[in-house]
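1. have a look at this prediction, sequence included:
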Amino acid sequence: MTMQTNGITVSTATHAPLWRIRLRLAWRSFKSSWATFAESPVGLIGLGVIIFFGLFALAHPILMHTVWDSATYDPQMGYDMEIAFHPAAPSVRHLLGTDPLGRDVLSQLMYSTRYEFVLGILSAVVTVVIATTIGAVAAYYGGLIDAFLMRLADLVIMVPFLPILIVLSSFTEVGMFELALLIGLLSGFGGNTIVIKSQALSVKVKPFIEAARIAGGSDFHIIFTHLIPNLLPIALLYMMFVVTSAIFSEAVLSYFGLTTIKMSWGIMINTAQTQGYLLRFDTWYLLIPASLAITLLCAAFYLVGRALDEVVNPRLRSR
């Protein structure tokens, strides 16, 4: 805006607040990244499947409070008294049938979806926090600190992931949050740390890092204000693969009865197995829905991760 003062034009324009400038730059970056992501059909398919499962999970409490009777459709304690024998085949009353304990399979499937999301996201967050911090510290300091942290990562990589979870689950009670923490710790100290550290080495030599050091910035300030924020894109990429690993690991542990989780897709398969209905073709509804849900959701996060790889890594973008 300008104004006339004694025949002289004076500009009254003020600078935009810093937060608004950052928000504008973030929005511009998001639009550019989304345009690249949208060019990948597999990424859009994976995102569509994830959104479907998200809506699938949100629909369960709505149905429980509006349509379904909790005494019949409760995923843990429900029992249909009107059906003489269980498991019952799919019908209008039970679209995916009932399990050997008389509980609605569809209700169990929907109820378990929210916990699969919670488990995957918590595991991914723990992994990203640990892997990004350790990778940045190792790259910034180098020397003995780098050698120690990388040898620790090598040790974790050498140990089989799933057998370690099975052994730990046999020694202590493992619920949803404990399992998410274990998966996050093992993934955070493992291969993800090495990948992020290699990316941190390329960021460390950027001019703005040297400028921050010359300006008197402390190591803590440089690492957490300049180094780690530039590692977040690749860290978020590997979050997708951690979610896939977490869902699969939970299904395996629950199938073997090694968790204290009350209801999940793995427990649904475990119930069919313990009751003797696992490999019977006439009771396919006890195995196929949960197995298909595990496969689809794991595949969806993997496909989104592959599409995000093209966004994060410019060399993979289509030219």
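-> That came in fine, so what should we check first?
2. show me where the stretch 1-150 of the chain has helices.
-> 18-38, 41-66, 70-73, 105-141, 143-158 (DSSP state H, counting those that start in this stretch).
3. relative to helix 105-141, how tilted is the last one?
-> So the one you mean is helix 143-158. In terms of direction (axes from the mean of the first three to the mean of the last three C-alpha atoms, to 10 degrees), helix 143-158 departs from helix 105-141 by 150 degrees.
4. next secondary structure after helix 143-158?
-> helix 161-171 (DSSP states H and E).
5. quick one on the thing from earlier: as CSV, the helices of the stretch 1-150 of the chain with distance to L236, mean neighbour count and mean pLDDT would be great.
-> Every C-beta, even on glycine, is put in place using the N, C-alpha and C of the backbone. Putting the helices of the stretch 1-150 of the chain into CSV (distance: least, C-beta to C-beta, whole Å; neighbours: other C-beta atoms under 10 Å; pLDDT from 0 to 100) gives the following:
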stretch, distance to L236, mean neighbour count, mean pLDDT
helix 18-38, 11, 11, 78
helix 41-66, 14, 15, 92
helix 70-73, 37, 16, 90
helix 105-141, 7, 22, 91
helix 143-158, 20, 14, 88
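6. V243: which of the ones you listed is closest?
-> Of all the helices of the stretch 1-150 of the chain, it is helix 105-141 that lies closest to V243, at 3.5 Å by C-beta to C-beta.
7. and A293, how many neighbours?
-> 21 (other C-beta atoms under 10 Å).
8. and the helix or strand it falls within, what's buried?
-> For A293, the enclosing helix or strand under DSSP H and E is helix 288-312. Buried residues in helix 288-312, counting neighbours by 16 or more other C-beta atoms under 10 Å, are found at 289-291, 293-294, 297-298, 300-312.
9. name the helices or strands packed onto it?
-> helix 18-38, helix 41-66, helix 105-141, helix 232-255, helix 265-274 (3 or more C-beta pairs under 8 Å, 6 or more residues apart in numbering; DSSP states H and E).
10. got the angle for that helix vs helix 265-274?
-> Using the same axes, to 10 degrees: helix 288-312 against helix 265-274 is 150 degrees.
11. going forward, the N-terminal residue is numbered 22.
-> With 22 as the first residue, the last one maps to helix 309-333.
12. hang on, the earlier thing: among the helices and strands packed on helix 309-333, which is nearest M102?
-> helix 126-162 (15.7 Å).
13. gap between that closest one and the chain center?
-> The chain centre lies 5 Å from the centre of helix 126-162; the measure is C-alpha atoms, centre = their mean, to the nearest Å.
14. likewise stretch 293-309?
-> 29 Å.
15. what do you get for stretch 76-84?
-> 20 Å.
16. export it as PDB, just CAs?
-> Taking Å, rounded to 0.1, in the frame of the first residue of the first chain, the C-alpha atoms of stretch 76-84 are listed here in PDB:
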ATOM      1  CA  LEU A  76     -13.200 -45.200   7.200                       C
ATOM      2  CA  PHE A  77     -13.700 -48.900   7.900                       C
ATOM      3  CA  ALA A  78     -12.300 -48.300  11.400                       C
ATOM      4  CA  LEU A  79     -14.300 -45.100  12.000                       C
ATOM      5  CA  ALA A  80     -17.500 -46.800  11.000                       C
ATOM      6  CA  HIS A  81     -17.400 -49.400  13.800                       C
ATOM      7  CA  PRO A  82     -18.300 -47.200  16.800                       C
ATOM      8  CA  ILE A  83     -21.000 -45.500  14.700                       C
ATOM      9  CA  LEU A  84     -22.600 -48.900  13.900                       C
END
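17. what are the contacting residues of that stretch?
-> Outside stretch 76-84, the residues within contact range by C-beta atoms under 8 Å, 6 or more residues apart in numbering are Y94, S128, M131, Y132, T134, R135, F138.
18. what distance do you get for the fifth one to L76?
-> Computed with C-beta to C-beta, to the nearest Å, the distance linking T134 and L76 is 10 Å.
19. now swap in the fourth one and tell me
-> Per C-beta to C-beta, Y132 is found 14 Å from L76.
20. next: T265.
-> Distance from T265 to L76, by C-beta to C-beta: 20 Å.
21. related to what we said a few turns ago, can you redo the helices of the stretch 22-171 of the chain as CSV with distance to D101?
-> Formatted as CSV, those follow (distance: least, C-beta to C-beta, whole Å):
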stretch, distance to D101
helix 39-59, 44
helix 62-87, 15
helix 91-94, 5
helix 126-162, 11
helix 164-179, 47
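22. nearest to Y276, of the ones you listed?
-> helix 126-162 (13.0 Å).
23. helices and strands around the closest one, which ones?
-> Helix 126-162 packs on helix 62-87, helix 164-179, helix 197-209, helix 212-225, helix 253-276, helix 286-295, helix 309-333, going by 3+ C-beta pairs under 8 Å, 6+ apart.
24. possible to save the ones you listed as a markdown table with distance to E231?
-> Putting the helices and strands packed on helix 126-162 into a markdown table (distance: least, C-beta to C-beta, whole Å) gives the following:
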| stretch | distance to E231 |
| --- | --- |
| helix 62-87 | 36 |
| helix 164-179 | 19 |
| helix 197-209 | 29 |
| helix 212-225 | 9 |
| helix 253-276 | 21 |
| helix 286-295 | 50 |
| helix 309-333 | 24 |
